[in-house]
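> fold the following and give me the result.
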Amino acid sequence: MSTDRVLVKWAKKQDAFGISQLYSSAFPEHILVHDHVLDNPEFIAREIEDGKKFYVAAEFNNAIVGAAALAYEPKLRGGEIERVVVDPRFRGNGVCKNLCKVLVGEAHVLDLDFVEAFARGTQRAMQQTFHDLGFRVYGISPRFAVLPEGKIVREQFVHMGRVLKPDSVYAKTDLIGEAQALYGFLGQNQRPQNYWKVRETI
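This next block holds a predicted model:
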């Protein structure tokens, strides 16, 4: 399906119903959908209004076809991109990357030191999207199982992150050899020269 007319925008309270419906239909395995949280428009509306999370939405013909959120804590100067969802008909066309790119830009605007993400081990495309946006793998969790509504759901997460300020991470001399190798990419995630300020573009 063509994505030429997909608009990425900051989500507003009136988008909460469409976002909740999208989670219900396109991300039913999420534990917070099983718990009837993310498929609750009132919950989404409250999160959009209270400003503790920044939601972006992708819209096509007045319908919500994608969404993602940036949770952040100013005192900790860190954030997490989470709850990324795209209508199956629009996957593989850059919608997910555009949503996450906006949120990485917002992390810069918020002057955060670091932004992380937990990509599911079964979602190679999601892992690749974060990698293409400058995230690096920190670790992979063993598979574990949860029992929402009596149904076994197996999960595995790839822990990824993007350092926005390399000097915010411990000096290599404080790390054991294996950790030093893991953090060997530090310094490569500097803000690009053509960095764009999100608030001026959407």
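
> shaky segments in the chain?
Applying pLDDT under 70 to the chain flags the ranges 1-4, 144-154, 168-173, 182-202.

> mind naming the longest helix for it?
The helix that spans the most residues within the chain, counting by DSSP state H, is helix 95-109.

> now it, how far from the centre of its chain.
The chain centroid and the centroid of helix 95-109 are separated by 8 Å under CA atoms, centre = their mean, to the nearest Å.

> tell me who's in contact with the nearest residue to K101 once chain neighbours are set aside.
Excluding its sequence neighbours, the residue lying closest to K101 (CB to CB, 6 or more residues apart in numbering) is L133, at 6.1 Å. In short, each C-beta sits where N, CA and C put it, glycine included. Counting by CB atoms under 8 Å, 6 or more residues apart in numbering, L133 makes contact with K97, C100, K101, V104, R162.

> hmm, back to that, ok now the next helix or strand after the longest helix of the chain, how far from the chain's centre?
Next helix or strand after helix 95-109 toward the C-terminus (DSSP states H and E): strand 114-120. Relative to the chain's own centre, strand 114-120 is displaced by 7 Å; criterion: CA atoms, centre = their mean.

> got it, and stretch 39-54?
Put simply, stretch 39-54 sits 16 Å off its chain's centre (CA atoms, centre = their mean).

> helix, strand or coil for I81?
Using DSSP: H, G, I helix; E, B strand; the rest coil, the structure places I81 in strand.

> that one reaches A69, doesn't it?
Yes: applying CB atoms under 8 Å, one finds I81 in contact with A69, separated by 7.4 Å.

> which neighbours do the two have in common?
Joint contacts of I81 and A69 (CB under 8 Å, 6+ apart) are L103.

> looking at those two, which is more packed in?
Taking neighbours as other CB atoms under 10 Å, I81 and A69 compare with I81 leading, 31 against 26.
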